[in-house]
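1. This is the structure alone, sequence omitted:
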């Protein structure tokens, strides 16, 4: 008899479905033989049929249907230690006292400092519960300071295309970044300023930026390319957003170095995408960087906002062909062994 796995995520939108929010339910349904539902608001006219195939979306239109689903759910998953989640955990336990809880913290160092516990939250998360954090550095802090047990379970990568290992010889001299370009959190200007400095020492390299551009960032781009550094035209390339996942993976496959300059992350999805496709990863010192680089074995880490330090790391890394080729192979194997979503979900399931 199949077991029931339910995700409670009231704000579900299509962009969530390709992230951990959507991929964990997807894997539990497709690979672990669970009946899967998502409790959510109807926030899209149409949800992506690829990611919601054989998954029931319960839009919480009436209390009776919600209660019925909670009563038959074996594992109820939550993301984030928020009051609305604690309220649903309380409701779940009242109608299904034997049900199991999985709380994925989706935590960065700034949220960690804001979290407090009381008797109610400790009680709700202490019985029949798995609580996990994505990064090793936060796990160490939590172990020393929290009144509940927390496991380390990182974010991962799901291979939709049964991809073979990538040959380094098929890659190009490209530094890649992917994200919401120009947003404060992503700090895109840091990689652009670093590449401006490094470009003189790396004449055969290009910087490629993939993602939607924040409207307020266009002026910065125009000044950068046409007023201050016109020599970088043709070497700093903006592709715009790439929504087709196969085409996006092609960008990762072609690049040798992936750079993340974020000011804050819990465990960026792009880490798994870059590592799976054989990129040497240079990241700001955010959560997940130590994990995905295996303590800088497969990449390097620079101080947040420090574009001068980043420029030096770009020069030393991109000038070391032997290092890039070795990491290209090794990081692909490490990602398949330790950051593959099917294996991660099997680990989650093993706790229940």
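-> Thanks, I have it. Here the structure is a predicted model, which means the values were calculated and not measured. Residues are numbered from 1 along each chain as shown.

2. for the residue positioned nearest the centre of the chain, what are its contacts?
-> Nearest to the mean C-alpha position of the chain, by Cα atoms, centre = their mean, lies residue 269 at 2.2 Å. Listed by Cβ atoms under 8 Å, 6 or more residues apart in numbering, the contact set of residue 269 reads 18, 19, 20, 155. Glycine gets a C-beta too; all of them are placed from N, C-alpha and C.

3. at 7 Å instead, please
-> Residues in contact with residue 269 (Cβ atoms under 7 Å, 6 or more residues apart in numbering) are 19, 155.

4. do residue 156 as well
-> Residues in contact with residue 156 (Cβ under 7 Å, 6+ apart) are 272, 339, 340, 341, 344.

5. any idea which of those is closest to residue 313?
-> The closest of those to residue 313 turns out to be residue 272 (Cβ to Cβ; 21.1 Å).

6. Correct me if wrong: that closest one contacts residue 155.
-> Yes. Taking Cβ atoms under 7 Å as the definition, residue 272 is a contact partner of residue 155 at 6.2 Å.

7. Now do the helices in the stretch 101-250 of the chain.
-> Assignment of helices within the stretch 101-250 of the chain using DSSP state H, counting those that start in this stretch yields the ranges 109-112, 119-126, 136-145, 188-198, 218-222, 245-254.

8. any idea which of those helices is most buried?
-> helix 188-198 (a mean of 22; mean count of other Cβ atoms under 10 Å).

9. Quick check, residue 279 in contact with residue 257.
-> Yes. Residue 279 is within contact range of residue 257, at 6.1 Å (criterion: Cβ under 7 Å).

10. ok, those two, which is more surrounded?
-> Neighbours of residue 279 and residue 257, each counted by other Cβ atoms under 10 Å, are more numerous for residue 279; the result is 31 against 25.

11. Now for the more buried one: which residues touch it?
-> 176, 252, 255, 256, 257, 258.

12. how about TSV for the residues you listed, with pLDDT added?
-> Formatted as TSV, these follow (pLDDT from 0 to 100):
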residue	pLDDT
176	98
252	98
255	98
256	98
257	98
258	98
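
13. closest to residue 133 among those residues?
-> residue 258 (23.3 Å).

14. Give the helix, strand or coil label for the closest one.
-> Assigned with DSSP: H, G, I helix; E, B strand; the rest coil, residue 258 falls in the strand class.

15. How many neighbouring residues does it have?
-> When neighbours are defined as other Cβ under 10 Å, residue 258 has 27 of them.
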